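Enquirer: Predicted model follows, preceded by the sequence.
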Amino acid sequence: MKRGLFIVFEGPDRSGKSTQAGLLAAWLKKKGLKTVLTREPGGARISEAIREILLDPENKISPLTELLLYEAARAQHTADIIRPALKAGRIIISDRFTMATTAYQGYGRKLDLKMVATLNRIATAGLKPDLTIVFTMPDSEFFKRGRNLGSDRMERQDTAFRLRVNKAYSALAARPGSFRIDAAGSVEKIHAAITARLAARFGIAAK
């Protein structure tokens, strides 16, 4: 490819997005396309250190501090990983980006959405994904998968918080540049739908 491509996977915890991000990265690499798989919070060394702070269940973090930490991690991630990869013509796949902050800190924590949008823009210097793949699921499936959540600080949040996040993703999936995925589908069918979308949108052969 002559130019870089930025693809983001979004969705609530246990929606399957991380699995699909890895499958897509492997699929692209098999085609000989230079691909970088990364995540938020994290990716860059400093961003990974901030991730440990954010997810440590022993830490009591205020909503505003949480938001600012996520944005700090994102600013470093964008500068160190995402922009250099795009400049080099690589395909970069990120497990979460700015939509996650809107869903978790905006809708989940009930912070001012305009403030969140402004900080997202500042942290990324206006960078937007070429495609955001958003995993959504009905509340019934959300509660079913919630029984198997892990033990990090965000996964330990109460049901009301996580339900607000789940509902937020259903609304955010309608944004321009987003591709909604039914998280209840099989791993194989979801992967096929994603590769078909890339074939149609960017001309990457599906076979």
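Expert: Arrived safely, thanks for sending. From a predicted model like this one, the values you see are computed outputs, not experimental measurements.
Enquirer: now for the helix or strand encompassing M115, which elements pack on it?
Expert: M115 belongs to helix 113-124 when assigned by DSSP states H and E. Applying 3 or more Cβ pairs under 8 Å, 6 or more residues apart in numbering; DSSP states H and E, we find helix 113-124 packed against helix 63-77, helix 98-101. Placement of C-beta: from N, CA and C, glycine included.
Enquirer: got JSON lines for those, with mean pLDDT and mean neighbour count too?
Expert: Shown next, in JSON lines, are the helices and strands packed on helix 113-124 (pLDDT from 0 to 100; neighbours: other Cβ atoms under 10 Å):
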{"stretch": "helix 63-77", "mean pLDDT": "98", "mean neighbour count": "20"}
{"stretch": "helix 98-101", "mean pLDDT": "98", "mean neighbour count": "25"}
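Enquirer: in stretch 37-47, what counts as buried?
Expert: Using 16 or more other Cβ atoms under 10 Å as the test for burial, stretch 37-47 gives 37-44, 46-47.
Enquirer: How about the secondary structure of V8?
Expert: strand (DSSP: H, G, I helix; E, B strand; the rest coil).
Enquirer: What is the neighbour count of G203?
Expert: G203: 8 surrounding residues under other Cβ atoms under 10 Å.
Enquirer: per-residue confidence at it?
Expert: Looking at G203, its pLDDT stands at 89.
Enquirer: how near is it to P84?
Expert: G203 sits 24 Å away from P84, going by Cβ to Cβ, to the nearest Å.
Enquirer: who touches the lowest-mean-pLDDT helix or strand in the chain?
Expert: When each helix and strand of the chain is scored by mean pLDDT, DSSP states H and E, helix 139-146 comes last, with a mean of 76. Helix 139-146 is contacted by residues 12-15, 137, 159, 162-163, 166-167, 183-184 when judged by Cβ atoms under 8 Å, 6 or more residues apart in numbering.
Enquirer: Which helix or strand lies directly C-terminal to that helix?
Expert: Helix 139-146 is succeeded, C-terminally, by helix 159-172 (DSSP H and E).
Enquirer: Name the residues of that next one that are buried.
Expert: Neighbour-count burial for helix 159-172 [16+ other Cβ under 10 Å]: 161-170, 172.
Enquirer: tell me what the next helix or strand after that helix is packed against?
Expert: Using DSSP H and E, the next helix or strand after helix 159-172 towards the C-terminus is strand 178-182. When contacts are defined as 3+ Cβ pairs under 8 Å, 6+ apart, strand 178-182 sits against strand 131-136, helix 187-202.
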